[in-house]
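> have a look at this fold, sequence not included:
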């Protein structure tokens, strides 16, 4: 009997098989919602909200710490939900909740209430990101020759969310400049964008739910109790390296726009910088697909962490526009591929019955790192050296993470 992987077959949901690439592109709207819009649009809103509400950088960073805490809580809850509901349903439900919480953020000026909204949005985004990543991994199992590309396309959806936010937020802020709190209108506009992306997600959620499981893994698609446990100690270098990635990258994505504003960059320059960063995220799925397919241990995670540290430190060293732009392009071209590298690591080293647990474990340590990063960088930025010194701390965390991840061997 042939063991060749079966083609993607969603005949239960459509009259003909659906190309895997189109499914991955549509599924990428989940990453666009959970990270590109729900989390990373905040960097564009931080400067006007801080000016309007009189925040310190510590409090401004605390908003993303609350979001990361919510993300951690959602990551802990998602495996339980996936045992009771199919991943497609969890994906769409999380996207709907994320849209609601984004809209609610425009109705409050009290810091404590905004912290609650950011926490709830983080919970919802974890549901979306983990369920979408699981579906993307399963899709890759049916097309192993392009599995790295399919994962990259899913995570690259974050770039579409970043680029859309870069174009949408400044335009809305300008149009609502006469309103008492112009940034509130930006939150509402971003919520509408989440609703539109959720509508697109309904198609891959239905199609992939009907996807026949590979014949070698009868339990992978219904998440029955796995017959074995994940060897967490064996994955410790990768888990620690990924934790430090969470600590380091989030400082850049929270404060780089504020730093560019401090350095005198114009509104148009900031928009171009952030939009190009987002497009680089999309392109990165093709750049690193081969590395993700070849790397069985922590090599991909280590190399990408090291490159990300270089991108992070550049704006702290100089305000020269070509260097700053190169930083954004390099950062965008690398950082979501770090996330994809951990999914690839899980896929290469664990049986499919343990994929959900493995992806959730990496998501949990990722969230834990993000809880630390924004507040620490904000606290450093409130002291001597400002935001530039905060980004140096972020870069160092990424480089240490690269050294640790390099020690991860294939299981």
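The structure has been received and is ready for your questions. Quick caveat, the model's predicted, so the values are computed rather than measured. Residues are numbered from 1 along each chain as shown.
> so for the helix or strand encompassing residue 137, what gets flagged as buried?
Per DSSP states H and E: residue 137 is located in helix 111-141. Neighbour counts over helix 111-141 (16 or more other C-beta atoms under 10 Å) mark 111, 114-141 as buried. The way it works is simple: take the backbone N, C-alpha and C, and place the C-beta from them, glycine included.
> continuing past that helix, what's the next helix or strand?
Taking DSSP H and E, what comes next after helix 111-141 is helix 147-175.
> packing partners of that next one?
helix 20-31, helix 42-53, helix 111-141, helix 182-209, helix 267-287, helix 289-294, helix 321-349 (3 or more C-beta pairs under 8 Å, 6 or more residues apart in numbering; DSSP states H and E).
> so it versus helix 42-53, what angle?
30 degrees (axes from the mean of the first three to the mean of the last three C-alpha atoms, to 10 degrees).
> just the buried residues of helix 147-175, please?
Buried, per 16+ other C-beta under 10 Å, within helix 147-175: 147-166, 168-170, 172-173.
> quick one: mean pLDDT for that helix?
Mean per-residue pLDDT for helix 147-175: 87.
> switch to numbering from 589
Shifting the count to begin at 589 puts that one at helix 735-763.
> test my guess that residue 903 contacts residue 846.
No - contact between residue 903 and residue 846 fails when scored by C-beta atoms under 8 Å: they sit 10.8 Å apart.
> looking at the two, which is more packed in?
Per other C-beta atoms under 10 Å, whichever of residue 903 and residue 846 has more neighbours is residue 903, with 27 against 23.
> which elements pack onto the helix or strand encompassing the more buried one?
According to DSSP H and E, residue 903 maps onto helix 887-905. With contacts defined as 3+ C-beta pairs under 8 Å, 6+ apart, helix 887-905 has these neighbours: helix 824-850, helix 877-882, helix 909-937, helix 974-993.
> the same query, at a cut-off of 7 Å, please.
With contacts taken as 3 or more C-beta pairs under 7 Å, 6 or more residues apart in numbering; DSSP states H and E, helix 887-905 sits against helix 824-850, helix 909-937, helix 974-993.
> buried residues in the first one?
When neighbours are counted by 16+ other C-beta under 10 Å, the buried residues of helix 824-850 are found to be 825-849.
> what does the shortest one give?
By neighbour count, and taking 16+ other C-beta under 10 Å as the criterion, the buried residues in helix 974-993 are 974-976, 978-990, 992-993.
> contact partners of it?
By C-beta atoms under 7 Å, 6 or more residues apart in numbering, the residues outside helix 974-993 that reach it are 825-826, 828-829, 832-833, 835-837, 839-840, 843, 846-847, 850, 886, 889-890, 893-894, 896-897, 900-901, 903-904, 961, 964-965, 968-969.
> quick one: classify the nearest residue to residue 641 once chain neighbours are set aside as helix, strand or coil.
Nearest non-adjacent residue to residue 641, counting by C-beta to C-beta, 6 or more residues apart in numbering: residue 697, 6.3 Å away. State at residue 697, reduced to three classes by DSSP: H, G, I helix; E, B strand; the rest coil: coil.
> ok, now which ones touch residue 836?
Contacts of residue 836 (C-beta under 7 Å, 6+ apart): 897, 900, 961, 982-983, 985-986, 989.
> redo these as a markdown table? Include distance to residue 919 and pLDDT.
As requested, those are exported to a markdown table (distance: C-beta to C-beta, whole Å; pLDDT from 0 to 100):
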| residue | distance to residue 919 | pLDDT |
| --- | --- | --- |
| 897 | 10 | 96 |
| 900 | 7 | 96 |
| 961 | 14 | 90 |
| 982 | 11 | 95 |
| 983 | 11 | 96 |
| 985 | 14 | 95 |
| 986 | 10 | 96 |
| 989 | 15 | 94 |
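> which outside residues touch the one helix or strand residue 692 maps to?
Using DSSP H and E, residue 692 falls within helix 675-692. Helix 675-692 is contacted by residues 618, 621-622, 626, 666, 669-670, 705, 708-709, 712-713, 715-716, 719-720, 722-723, 775-776, 778-779, 782-783, 786, 789-790, 793-794, 796-797 when judged by C-beta under 7 Å, 6+ apart.
> which two in the contacts of residue 836 are spaced the farthest apart?
897 and 961 (13.4 Å; C-beta to C-beta).
> who has more neighbours, those two?
Neighbour count, other C-beta under 10 Å: between residue 897 and residue 961, residue 961 has more, with 30 against 26.
> list the contacts of the more buried one.
Neighbour list for residue 961: 834-836, 838-839, 982 [criterion: C-beta under 7 Å, 6+ apart].
> can I get those residues in TSV with distance to residue 765?
Below are the contacts of residue 961 laid out as TSV (distance: C-beta to C-beta, whole Å):
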residue	distance to residue 765
834	35
835	36
836	35
838	29
839	29
982	32
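> thanks a lot, see you next time.
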